[in-house]
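[1] here are the coordinates; sequence isn't available:
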């Protein structure tokens, strides 16, 4: 999928919502535990309940890996289910990978060849050769951690060099020289508020993947106000607020209701900017 | 395993070698492809051929994940095989993880509860709350990326702040306030040579996990010269140089011979320092 196609999906669905599939087996409705694959059964209902209201799904690998083979299997089944039934969805493997060249190649093979996922989140600490192997696949994306949503983002990401440039700014400035904005996005946490203005100075045209709305306390209005560009340029993720909106057998209905609420807010924000 | 136990193993085996199990199915001897689980069959022979010559094994997750469920299964079997047959080995899941708190918790659960691995490599970019969840398991270790062995280490790790402190120095200075040196190590690439002197100013007592000897060109002599401390303080990894020393049915013998060569060099270096 290229940037224009992603924008077309956003306009058509009036939504830039990404649903985070961070499935903790300890938190899903107990009646699903009798299923052969409870995690996949849960995801299938979440996806079927929300697919017309969002443009992307973001399974977080940690949640699947923590269950070993069983979790990895649920992850693969989920990706395949979305690909087959909702081919217009942009799938993000939230893996935050970053390793030396030959290792990054293996990760790229895993996500882009083995599973045909659209994008992978990568950590920038190890620099160019840890990111480049992901860029050889046409139509596939890397999403580089820029400014994250967590408290620990303060520890290193704001460290300024002698010229005053902060690490997150340097990461975004340097890494965008490795690929076009048709292959690279940045993670910028919703909790960073007005800093989106600084981010847009460095990356005016890139899509930003924005976690941290909902459970982490970020504001959708602020993100749109400071971060939206002329092609929207935002994929705003919500995980816990949607998938655990209800813990009974009605979790699909509740997830849909919650997604609908966010989608309507997004529709209004897109209209304000005359993008739809 | 605590630091003293690790040092005792090093003295007893006269080795601070870590064998990297970075298994690429395209590179293993072809006769193994008829096995039910070729990767595990390969690892079993490598481990049986080298266990008395090394103190640690480091499976690199990327290589297993790239094969999906099959790879994940081989990874789990390998870890269990080492645990059961060579319980004195320190197992490092080279995963380079780093995510927000609740996600890091899932990774910690995966590696430390589900698989009883001794340590996990973590990326520091997201700061304290991405590392802390790994530290709640007694006897388990986090190995924080400090100064990596690859070319891309130049991109961000050397960025100096206004006071002249470089990012890798800040990462090592700050992160060691999160845990004792009985729970934390740092990755420092063998290719960094004299910079080990700078690393030892910040982290005199920590163990360092040192990749980059062999295929990547780092020198074991330089690493020992600038990096060894009074408890050795080094785990030097070799992957490709050992596991692909021979691609015929004799790969186990060749891996042993290569490991023996490195072990003997290490023995001499430990003797020079009067550590054994």
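    Cool, the structure landed. Note that the coordinates shown come from a computational prediction; the quantities given were computed from them, not determined experimentally.

[2] Setting the sequence-adjacent residues aside, check what's closest to the residue of the stretch 151-276 of chain A found nearest chain B.
    Taking CB to the nearest CB as the measure, the stretch 151-276 of chain A has residue A:152 as its residue closest to chain B, at 2.4 Å. Heads up, the C-betas are built off the backbone N, CA and C, glycines and all. Once flanking residues are discounted, residue A:152 sits nearest to residue B:127: 2.4 Å by CB to CB, 6 or more residues apart in numbering or on different chains.

[3] try residue A:35
    What sits nearest to residue A:35 in space, not counting adjacent residues and going by CB to CB, 6+ apart, is residue A:41, at 4.1 Å.

[4] what mean pLDDT does the helix or strand where the one you found lies have?
    Using DSSP states H and E, the secondary-structure element containing residue A:41 is helix A:38-50. Averaging the model's pLDDT scores along helix A:38-50 yields 98.

[5] Then stretch A:6-13?
    The average of the pLDDT scores along stretch A:6-13 is 98.

[6] The helix holding residue A:41: which residues count as buried?
    Residues of helix A:38-50 classed as buried: A:38-47, A:49-50 (neighbour count, 16 or more other CB atoms under 10 Å in any protein chain shown).

[7] Would you agree residue A:142 is in contact with residue A:183?
    Yes - here residue A:142 lies in contact with residue A:183, judged by CB atoms under 8 Å, at a distance of 6.8 Å.

[8] Which parts of the stretch 151-276 of chain A are helices?
    Remark: helices of the stretch 151-276 of chain A, listed N- to C-terminal, are A:153-156, A:167-175, A:195-202, A:220-227, A:240-243, A:251-272; assignment by DSSP state H, counting those that start in this stretch.

[9] Now do the same contact list for the residue nearest to residue A:152.
    Residues in contact with residue B:127, defined by CB atoms under 8 Å, 6 or more residues apart in numbering or on different chains, are A:150-157.

[10] Can you spell out which helices and strands pack onto the strand or helix carrying residue A:70?
    Under the criterion DSSP H and E, the helix or strand holding residue A:70 is helix A:69-85. Under the contact criterion of 3 or more CB pairs under 8 Å, 6 or more residues apart in numbering or on different chains; DSSP states H and E, helix A:69-85 touches helix A:38-50, strand A:56-59, helix A:61-65, strand A:90-97, helix B:68-85.

[11] between the ones you listed, which gets nearest to residue B:194?
    strand A:90-97 (30.1 Å; CB to CB).

[12] Could you quantify the relative orientation of that closest one and helix A:69-85 as an angle?
    Taking axes from the mean of the first three to the mean of the last three CA atoms, to 10 degrees, strand A:90-97 and helix A:69-85 form an angle of 150 degrees between their directions.

[13] so after strand A:90-97, what's the next helix or strand?
    The first helix or strand that comes after strand A:90-97 along the chain, using DSSP H and E, is helix A:101-108.

[14] before we move on, back to that, next, format the helices of the stretch 151-276 of chain A as TSV and append mean pLDDT and mean neighbour count.
    As requested, those are exported to TSV (pLDDT from 0 to 100; neighbours: other CB atoms under 10 Å in any protein chain shown):
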stretch	mean pLDDT	mean neighbour count
helix A:153-156	96	21
helix A:167-175	98	22
helix A:195-202	96	17
helix A:220-227	96	19
helix A:240-243	95	22
helix A:251-272	98	18
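
[15] want to try CSV for the ones you listed, with distance to residue B:61 as columns?
    Converted to CSV, the helices of the stretch 151-276 of chain A look like this (distance: least, CB to CB, whole Å):
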stretch, distance to residue B:61
helix A:153-156, 23
helix A:167-175, 23
helix A:195-202, 31
helix A:220-227, 33
helix A:240-243, 26
helix A:251-272, 31
